[in-house]
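1. Build me a model from this:
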Amino acid sequence: MIKRIFDICASAIGLLFLLPFLLLLSVLIALDSNGGVFYKQIRVGKNNIDFGLFKFRTMRPQSDNKGLITIGNRDPRITRIGYYLRKYKLDELPQLINVLLGDMSIVGPRPEVRKYVSMYTTEQLRVLTVRPGITDLASIAYFDENELLAKSTNPHKDYIELIMPAKLTLNLQYITTQSFATDVKIILNTLAKIIR
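-> Numbering: from 1, shown residues only. Predicted coordinates:
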């Protein structure tokens, strides 16, 4: 209950405080390339229920047709402004709307697309017993995930066999040890990682 109250207050205050900045980013995205300002992707949330995750659009329209994994921040599908939005994680800011709506939490396992959730083991499916989050332990540990995959000879295979299981292990660790203090620590570590 405390977590949900914090999520509502933090997301509402965040959206209100960041509104001028969000409007500026929206204008830059619109001027930079064709397509909408926002990007909505179906992800799997709590209790294995799909929901629409909001992001600022950082790729050219129809880029999903060329694969779900982004390989490096210089992926040719990424727009000019999209590169900076991704680099500083600014593309994630619209997910404060998801938090306010109750689809997500500020802190929790990052939501995955159905394609990869269908590969989870019974144990890994435990990550779906809590609300997914904007940030988590795995987001911090794999902050440069796109660059790691850019160096791989088989990014899709390495994501499924190496990165995804490692991230799920961290998510399961979070679920068993979660507390308000842990959430605050994860938020502060995420901000520190972005600033660095």
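2. Could I get the average pLDDT for stretch 172-182?
-> Across stretch 172-182, pLDDT averages out at 94.
3. got it, and stretch 140-147?
-> Stretch 140-147 comes out at a mean pLDDT of 86.
4. Please apply the same query to stretch 18-35.
-> 95.
5. hmm, who's touching it?
-> For stretch 18-35, the external contacting residues (C-beta atoms under 8 Å, 6 or more residues apart in numbering) are 15, 37, 56-57, 60-61, 79-82, 85, 90, 93-94, 96. The C-beta positions use only the backbone N, C-alpha and C, and glycine is treated the same way.
6. Grab the two from those residues that are most spread out in space.
-> L15 and R60 (26.9 Å; C-beta to C-beta).
7. Which members of the contacts of stretch 18-35 are classed as buried?
-> For these, a burial check counting by 16 or more other C-beta atoms under 10 Å picks out 15, 56-57, 79, 81-82, 85, 90, 93-94, 96.
8. any idea which of the residues you listed is the one closest to D158?
-> G82 (23.1 Å).
9. Check which helix or strand the closest one maps to.
-> helix 80-87 (DSSP states H and E).
10. moving C-terminal of that helix, what's the next helix or strand?
-> Tracing the chain C-terminally past helix 80-87 and defining elements by DSSP H and E, one meets helix 95-101 next.
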